[in-house]
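**Q** Have a look at this prediction, sequence included:
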Amino acid sequence: MRIRLLMLGFVLLGLSGKAAAQINLYVGGGFHGNYSWLRGDEHTFEPGFGGGLSFIYWEYEYWFVKAGIDYMKKSSSMLDYPEEYEVPIESPDDKVQISYTEHLIGIPLTVYFRPLESGNNALLVTGTMEMMAVAKLQEHTEEYGDVVLKGGDAKTWTKTNIGIGAGYQRMLQKHMYLNAYPSFQVDIRGARAYNSILFTVELIFGVY
């Protein structure tokens, strides 16, 4: 009887060790700062911020995939037509300097590559595609004042964004990692197209 119990204990211990070694689901969260500008005439460069939750599938040592949900705030100004102010546009010279601030909700899909690893440190290379929706849009001009649009009130409320980046990963303890990396992101579809430089810091940890 004791031999059977001892054997059962070894089997359970082996199974638990195998399960621990096979953790491939991770969750986490992160924050980022961004520096953004609109692609247009006389644009400005403005700071912003964001953050989100991450769900990661990490089956292979040298690459993994992240999905999640993000919030992002972007700002910039450019010379544009004041269409949202319902002002008649009578000539091509009716453009004014408009400051835009967008509040976005996004669903990113990011692939992380780890081409180099040394001890607890690794190089990260990232590629991202993100579908975003404009939750709130604020506009300001010296001539006409302020206007605020909610989600569906905007002419086009969805955007698509792609980005590439490279940075650093640190293993803090077993199945817990800190990722830090800058990236360059471009809107490829949307009423107002931004370019952005982001710096992201995120913490992820394995779950059973």
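**A** Cool, got the structure.

**Q** Please name the nearest non-neighbouring residue to Thr156.
**A** Ala191 (3.9 Å; C-beta to C-beta, 6 or more residues apart in numbering). For the C-beta atoms, the positions are set from N, CA and C on the backbone; glycine is no exception.

**Q** For that neighbour, which three-state class applies?
**A** Following DSSP: H, G, I helix; E, B strand; the rest coil, the label given to Ala191 is coil.

**Q** And it, its phi and psi?
**A** Main-chain torsions, Ala191, degrees, to the nearest 10: phi -60, psi -40.

**Q** was I right about it contacting Leu149?
**A** No. Applying C-beta atoms under 8 Å, one finds Ala191 not in contact with Leu149, separated by 10.7 Å.

**Q** Doesn't Glu143 belong to a strand?
**A** No. Counting by three-state DSSP, Glu143 is not part of a strand but coil.

**Q** So what's the residue count around it?
**A** Using other C-beta atoms under 10 Å, the number of residues around Glu143 comes to 10.

**Q** can you check Ala193 too?
**A** 14.

**Q** all helices of this protein, in order?
**A** Using DSSP state H, the helices found in the chain span residues 2-21.

**Q** which of the residues in stretch 26-46 are buried?
**A** Buried residues in stretch 26-46, defined by neighbour count with 16 or more other C-beta atoms under 10 Å: Tyr26, Gly28, Gly30, His32, Asn34, Tyr35, Ser36, Trp37, Leu38, Gly40, His43, Glu46.

**Q** could you measure the spatially closest residue to Val148 that is not a sequence neighbour against Thr200, distance?
**A** Excluding its sequence neighbours, the residue lying closest to Val148 (C-beta to C-beta, 6+ apart) is Gln138, at 5.3 Å. According to C-beta to C-beta, to the nearest Å, Gln138 and Thr200 sit 24 Å apart.
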